[in-house]
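K.L.:
give me the fold of what follows.
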Amino acid sequence: MKTNDRDDMGQKSLRGRLAGALAAVKAYASAKNVQISAKRYGVDAMGAMAQGLFASLLIGTILNTAGTQLGLDLLTQMGGYASAVAGPAMAVSIGFALNAPALVLFSLITVGQAANSLGGAGGPLAVLIIAILACEAGKLVSKETKVDILVTPFVTIFVGTALAMWWAPAIGKAASGVGAVIMWATEQQPLVMGIVVSVVIGIALTLPISSAAICAALSLTGLAGGAAVAGCCAQMVGFAVLSFKENRWGGLVSQGLGTSMLQMGNILKNPRIWLPAILASAVTGPLATCVFRLEMNGPAVSSGMGTCGLVGPIGVYSGWVADIAAGTKEAVTAFDWAGLALICVVLPAVLCWLLGTLFRRRGWIRPGDLTLEN
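P.N.:
Residues are numbered from 1 along each chain as shown. The predicted structure follows:
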């Protein structure tokens, strides 16, 4: 046999062994429910992270604001406790979305605390990345030994906290840097950036991703946060009013106080039904930044919530309260209240109703296009 033939056979044999090893790794990962995909990590995990933020930092802020305004120290203390566990809440929520076994899920409490603390203002993004990796590492070793109760928590916590100490500060700085650039640009160009931020974050709210998690990860507050609130409210209130003919009061509540994501299936069938809400956000965004100077100085996650549970407007209000307490704002004025009502409810409702009427007459929106499935 010639040397070249032996070399070819050796290379084929090596490639065969590598392919076999890769297939074995894939089969093992699949058996452990470790599935690398953009949907699982970018949609499912991120959406769950937003729920974790809602159940900790966000509800804590609402309780704290209520306690401060009503003079009830009990509510203030409750709010402080809820806000303090934002990192663990996010990590556990992510683990739940990734179908983590019990020991992995509970171990993520430590991972979330470490990643959020070390990530600083960009902690939510650090938690998202690190909790995913720690969770998948824990799942790979789960129930593979007779001392699983020691091995699985050790691997999950070791991988998660090691990555938190190594990566979280840099991830946090990078996320904060991007958010700072967006907020700086909005201050410099409130008209253009008011449109851009409002439209982009509003679209993200209706897509099956989490606008709240994006805003939290980027620490999007201030004037840019106000534009984000405007965009999210335009989508939620806009679709609620736009589809009232088809969905009546149930649809009004489920979309106006729930989520405009319910319309995603209809959007895929007829993308033109999305235009009224998008155009409305392109109007309310710059009005928020240029006319009313609407700022989100509450939690950054509130910037991406819109009228879901009235979290967006409540976040703006909690920011006013914090500014007054800090001495940077004298009082909440009638102009403030008028701007909040117009940007969050009145203008999205009116603009989407007018645009919807026009689109129906032109045949761009047909009967049944906006009907929600039961």
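K.L.:
centre-most residue in the chain?
P.N.:
Nearest residue to the geometric centre of the chain (Cα atoms, centre = their mean): Ala213, 2.1 Å.
K.L.:
ok, the nearest residue to that one once chain neighbours are set aside - how many residues close by?
P.N.:
Counting by Cβ to Cβ, 6 or more residues apart in numbering, Ala213 lies nearest to Ala50, which is 4.3 Å off, once chain neighbours are set aside. Just so you know, the C-beta spots here come from the backbone N, C-alpha and C atoms, and that holds for glycine as well. Using other Cβ atoms under 10 Å, Ala50 is surrounded by 26 other residues.
K.L.:
pretty sure the residue nearest to the centre of the chain sits against Met46.
P.N.:
Yes - contact criterion Cβ atoms under 8 Å: Ala213 and Met46 qualify, at 4.7 Å.
K.L.:
spit out the residues that contact the two alike.
P.N.:
Counting by Cβ atoms under 8 Å, 6 or more residues apart in numbering, the common neighbours of Ala213 and Met46 are Leu128.
K.L.:
can you tell me the element the residue nearest to Ala213 falls in?
P.N.:
Per DSSP states H and E: Ala50 is located in helix 46-53.
K.L.:
which residues does that helix contact?
P.N.:
86, 89-94, 96-97, 124, 127-128, 131, 208-210, 212-214, 216, 301, 304.
K.L.:
give the next helix or strand downstream of that helix.
P.N.:
Immediately after helix 46-53, counting by DSSP H and E, sits helix 59-70.
K.L.:
mind giving me the packing neighbours of that following helix?
P.N.:
helix 73-84, helix 311-326 (3 or more Cβ pairs under 8 Å, 6 or more residues apart in numbering; DSSP states H and E).
K.L.:
what angle sits between the helix holding Ala50 and helix 59-70?
P.N.:
Helix 46-53 and helix 59-70 are oriented at 30 degrees to each other (axes from the mean of the first three to the mean of the last three Cα atoms, to 10 degrees).
K.L.:
quick one: mean pLDDT over helix 46-53.
P.N.:
Throughout helix 46-53, pLDDT has a mean value of 85.
K.L.:
with stretch 99-114 instead?
P.N.:
Averaged over stretch 99-114, pLDDT sits at 96.
K.L.:
CA atoms only: put that stretch into PDB for me.
P.N.:
The C-alpha trace of stretch 99-114 is given here as PDB (Å, rounded to 0.1, in the frame of the first residue of the first chain):
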ATOM      1  CA  ASN A  99     -36.100  22.800  32.700                       C
ATOM      2  CA  ALA A 100     -33.400  22.600  35.300                       C
ATOM      3  CA  PRO A 101     -33.500  19.600  37.800                       C
ATOM      4  CA  ALA A 102     -34.300  20.600  41.300                       C
ATOM      5  CA  LEU A 103     -30.700  20.700  42.600                       C
ATOM      6  CA  VAL A 104     -29.500  22.800  39.700                       C
ATOM      7  CA  LEU A 105     -32.500  25.100  40.100                       C
ATOM      8  CA  PHE A 106     -31.800  25.700  43.800                       C
ATOM      9  CA  SER A 107     -28.100  26.100  43.200                       C
ATOM     10  CA  LEU A 108     -28.700  28.900  40.800                       C
ATOM     11  CA  ILE A 109     -29.800  31.100  43.700                       C
ATOM     12  CA  THR A 110     -26.100  31.600  44.600                       C
ATOM     13  CA  VAL A 111     -25.100  32.000  41.000                       C
ATOM     14  CA  GLY A 112     -27.700  34.800  40.500                       C
ATOM     15  CA  GLN A 113     -26.600  36.600  43.600                       C
ATOM     16  CA  ALA A 114     -23.000  36.500  42.500                       C
END
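K.L.:
relative to the whole chain's centre, how far out is it?
P.N.:
The chain centre lies 20 Å from the centre of stretch 99-114; the measure is Cα atoms, centre = their mean, to the nearest Å.
K.L.:
with stretch 191-198 instead?
P.N.:
Centre-to-centre, stretch 191-198 and its host chain are 19 Å apart (Cα atoms, centre = their mean).
K.L.:
residues contacting that stretch, please?
P.N.:
Stretch 191-198 has contacts (Cβ under 8 Å, 6+ apart) with 182, 185-186, 220, 223-224, 227-228, 230-231, 234, 281-282, 284-290.
K.L.:
which among the residues you listed end up buried?
P.N.:
182, 185-186, 220, 223-224, 227-228, 230-231, 234, 281-282, 284-289 (16 or more other Cβ atoms under 10 Å).
K.L.:
narrow those residues to those in helices?
P.N.:
Counting by DSSP state H, the part of the buried ones among the contacts of stretch 191-198 found in helices is 182, 185-186, 223-224, 227-228, 230-231, 234, 281-282, 284-286.
K.L.:
biggest separation within those residues, which pair?
P.N.:
Largest separation among those by Cβ to Cβ: Ala185 and Ala234, giving 20.5 Å.
K.L.:
on the pLDDT front, check the closest residue to Thr284 other than its chain neighbours for me.
P.N.:
Nearest residue to Thr284 in three dimensions, chain neighbours excluded: Ala230, at 4.3 Å (Cβ to Cβ, 6+ apart). Listed pLDDT for Ala230 reads 96.
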